[in-house]
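1. any chance you can model this:
(2 chains)
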Amino acid sequence: MSALGRILLVEDDPNDVELTLTALEDYHLANEVVIARDGAEALDYLYRRGAYADRANGSPAVLLLDLKLPRVDGLEVLQQIKGDEKLKVIPVVVLTSSREERDMVASYRLGVNAYVVKPVDFHEFVNAIKELGVFWAIVNEPPPGSIKRPGA
Amino acid sequence: MDQANLDGKRAAEPRTPESTPLSAFQRYGLSVLGVSLAVCLALLLQQLHFRDVEVPLLFFALAVAAWYGGVGAAILGWALSCIGFDFFFVEPLYSLSIEPFEIPYFVVFALFAGLVTWFSTVRRRVERELRQARDDLEKRSAELAASNKELEAFAYSVSHDLRAPLRHMAGFSELLQKNSAQALDGKSKRYIGVILESAKRMGALIDDLLSFSRIGRSETNKAAVNLGQLVEEALSEVRRDLRDHKIVWKIDKLPAAYGDRAMLRLALVNLISNAVKFTRTRSPAEIQIGQMPASDDQVIIFVRDNGVGFDMKYVGKLFGVFQRLHSGEAFEGTGIGLATVQRIAHRHGGKAWGEGAVDQGATFYLSISKSKQINL
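-> Numbering: from 1, shown residues only, chains lettered A, B, ... in the order given. Take a look at the predicted model:
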């Protein structure tokens, strides 16, 4: 394996966070996950401000974004990222419970890189998360300036 | 849209001229002006040697006053017409003495004014009723739009918020099963199995219910559809889950129809997979898909099977949401399939119905309007 990209997981539900991390652990991807509890926190991380003012430079290799979030919701985060010259190169994957068409259409309009509906079935969920993690954090070459650490 | 918004919208609407009632001054003014003009014009024409023009002109003035001014204006107009007629046009001129031969004129003036007033009143009443009906309709449609919107918001939050806890139930039960496999006895493992199964079932229920509600609220996208091809597509979807269930298919030639392709496909998939499901105990299972003799305005297709059938006593329950005639143990399902089919039929100006008998198979019919005008 070449290198592991950092994953920014934007998810307000602790249960979902735990399940997602469990799924990513199998590929030792969980250590590289940064968790933001809402859209505002995610933007703070990306802009290195607030609680993240002191973090090292670099963008995540991928952003896993829930849509229904407190304070700043997922679509707003997406709009902000894709509207920002510096941030818009970061791949964003919407990871949501809803199969609603209008969310999907809105996300693609805003330039999302992938749209994944979280399956109810656990095995399917784990598989989906693993595939996402492997693809975006390992297989995919992220844009220059992303955080990667040498892999195992 | 809330009520305040609605009222605001109506107030802002430009009022049609008919709906603005004239003030009393305007109405009586109309009579005075109309009759005066008629008299002046008649006098003028008389100077030009036109004879007997005063009566038609006064009639005209009366008609205008009565039509636009109502009862009061008509009475005033009538009185003025009589005076004008008597004063200017009847010998002796320029005196108000009334001759007996004038009386029929006055009566005819009165009758004419009365008639026009009556017409005008009727017209006004009809207009008011129409306006009332229109306002009611507007209000109703605004209410409908509001409740539709509410329903949409409801479906949206169901789709977002009901799935998450379900996923957690399934996920953590699965983790429990995996991590504590040794510590759990057979009974506990079965309990966890039931939890998982239920979560899965509820997931299917939510998905079905959402797709059912989506059929009600999404726009239909209609075009010419080849039903034969659609059946082929539906079949290939259904056949994927057939495994070792042997079925003898008999598929007749099907006509073209006019409708929403995705919806009709869903209806066919539901009907066919029902037939497959309820013939599971048959060997060989036979399923026929065909069309009824075409009528002028509807295409009717049917799906017939030799499965377990149903008691016609319960036929009314077949198409209800969550209505099931078989236990979940015997035949799985959420009880939304036929309700979905019915809703799709309704949106195509048709209906769905079934016939059957216990243990003697069932036939389900789906009719679709041939008209391209139907847009429900």
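2. check contacts around the closest residue to chain B within chain A.
-> Scanning chain A for proximity to chain B using C-beta to the nearest C-beta identifies A:Val120 as nearest, at 3.5 Å. From N, CA and C alone the C-beta is placed, and that goes for glycine too. Going by C-beta atoms under 8 Å, 6 or more residues apart in numbering or on different chains, A:Val120 touches B:Arg163, B:Leu166, B:Arg167, B:Ala170, B:Ala199, B:Lys200, B:Gly203.
3. got a pLDDT number for B:Ala352?
-> What the model reports for B:Ala352 is a pLDDT of 90.
4. let me know the helix or strand that B:Arg123 is in.
-> Using DSSP states H and E, B:Arg123 maps to helix B:103-157.
5. ok, back up a step: now for the contacts of A:Val120: which two are most distant?
-> Farthest pair in the contacts of A:Val120 (C-beta to C-beta) is B:Arg163 and B:Lys200. Separation: 12.1 Å.
6. looking at these two, which is more packed in?
-> B:Arg163 (23 against 16; other C-beta atoms under 10 Å in any protein chain shown).
7. what mean pLDDT does the helix or strand hosting that one get?
-> Using DSSP H and E, B:Arg163 sits in helix B:163-179. Averaged across helix B:163-179, the pLDDT comes to 87.
8. counting contacts, what elements does that helix pack onto?
-> Applying 3 or more C-beta pairs under 8 Å, 6 or more residues apart in numbering or on different chains; DSSP states H and E, one finds that helix B:163-179 contacts helix A:14-25, helix A:122-134, helix B:186-217.
9. which of the residues in the shortest one are buried?
-> By that I understand helix A:14-25. A:Asp16, A:Val17, A:Leu19, A:Thr20, A:Leu21, A:Thr22, A:Ala23, A:Leu24 (16 or more other C-beta atoms under 10 Å in any protein chain shown).
10. angle of that helix against helix B:163-179?
-> Here helix A:14-25 runs at an angle of 50 degrees relative to helix B:163-179 (axes from the mean of the first three to the mean of the last three C-alpha atoms, to 10 degrees).
11. ok, then the element right after helix A:14-25?
-> Next in line after helix A:14-25, if elements are assigned by DSSP H and E, sits strand A:33-36.
12. which residues belonging to that following strand are considered buried?
-> Buried residues in strand A:33-36 (16+ other C-beta under 10 Å): A:Val33, A:Val34, A:Ile35, A:Ala36.
13. spell out which residues of chain B are next to chain A.
-> B:156, B:159-161, B:163-164, B:166-168, B:170-175, B:196, B:199-200, B:203, B:207, B:210 (C-beta under 8 Å from any C-beta of the partner chain).
14. please redo it, this time with the cut-off set to 10 Å
-> For chain B, the contact set with chain A under C-beta under 10 Å from any C-beta of the partner chain comprises B:152, B:155-175, B:177-178, B:196, B:199-200, B:202-204, B:206-207, B:210-211, B:214, B:218.
15. buried subset of these?
-> B:152, B:155-156, B:159-160, B:162-164, B:166-174, B:177, B:196, B:199-200, B:202-203, B:206-207, B:210, B:214.
16. chain B contacts on chain A?
-> Within chain A, the residues that sit near chain B (C-beta under 10 Å from any C-beta) are A:13-16, A:18-20, A:22-23, A:66-68, A:96-103, A:117-126.
17. how close does B:Val194 sit to B:Gly228?
-> Distance of B:Val194 to B:Gly228, computed by C-beta to C-beta, to the nearest Å: 44 Å.
18. could you count how many residues lie near B:Pro104?
-> For B:Pro104, the neighbour count with other C-beta under 10 Å is 9.
19. just the strands from the chain, written as ranges.
-> In the absence of a named chain, this looks at chain A. A:3-5, A:7-10, A:33-36, A:62-65, A:92-96, A:114-117, A:148-150 (DSSP state E).
20. could you do chain B instead?
-> Assigned by DSSP E, the strands in chain B fall at B:222-226, B:247-251, B:256-260, B:285-291, B:298-305, B:352-356, B:362-369.
21. can you redo the ones you listed as TSV with mean neighbour count?
-> Listed next are the strands of chain B as TSV, based on neighbours: other C-beta atoms under 10 Å in any protein chain shown:
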stretch	mean neighbour count
strand B:222-226	14
strand B:247-251	14
strand B:256-260	21
strand B:285-291	19
strand B:298-305	21
strand B:352-356	19
strand B:362-369	22
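22. okay, those in JSON lines with distance to A:Asp73 next?
-> JSON lines is the format used below for the strands of chain B (distance: least, C-beta to C-beta, whole Å):
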{"stretch": "strand B:222-226", "distance to A:Asp73": "35"}
{"stretch": "strand B:247-251", "distance to A:Asp73": "48"}
{"stretch": "strand B:256-260", "distance to A:Asp73": "32"}
{"stretch": "strand B:285-291", "distance to A:Asp73": "46"}
{"stretch": "strand B:298-305", "distance to A:Asp73": "44"}
{"stretch": "strand B:352-356", "distance to A:Asp73": "40"}
{"stretch": "strand B:362-369", "distance to A:Asp73": "41"}
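23. quick one, which of these gets closest to B:Ile272.
-> Using C-beta to C-beta, the strands of chain B put strand B:298-305 closest to B:Ile272, at 6.0 Å.
24. what helices and strands are in contact with the closest one?
-> helix B:227-239, strand B:256-260, helix B:261-278, strand B:285-291, strand B:352-356, strand B:362-369 (3 or more C-beta pairs under 10 Å, 6 or more residues apart in numbering or on different chains; DSSP states H and E).
25. list the buried ones in the longest one?
-> It stands for helix B:261-278. B:261, B:263-278.
26. buried ones in stretch A:107-125?
-> In terms of neighbour count (16+ other C-beta under 10 Å), stretch A:107-125 has its buried residues at A:107, A:110, A:112-115, A:117-122, A:125.
27. now do the same contact list for the closest residue to B:Val39 other than its chain neighbours.
-> Nearest non-adjacent residue to B:Val39, counting by C-beta to C-beta, 6 or more residues apart in numbering or on different chains: B:Gly84, 4.4 Å away. When contacts are counted by C-beta atoms under 10 Å, 6 or more residues apart in numbering or on different chains, B:Gly84 touches B:Val35, B:Ser36, B:Ala38, B:Val39, B:Cys40, B:Ala42, B:Leu43, B:Glu54, B:Leu57, B:Leu58, B:Ala61.
28. wait, isn't A:Leu95 in contact with A:Asn113?
-> No: assessed by C-beta atoms under 10 Å, A:Leu95 is found out of contact with A:Asn113, at 11.7 Å.
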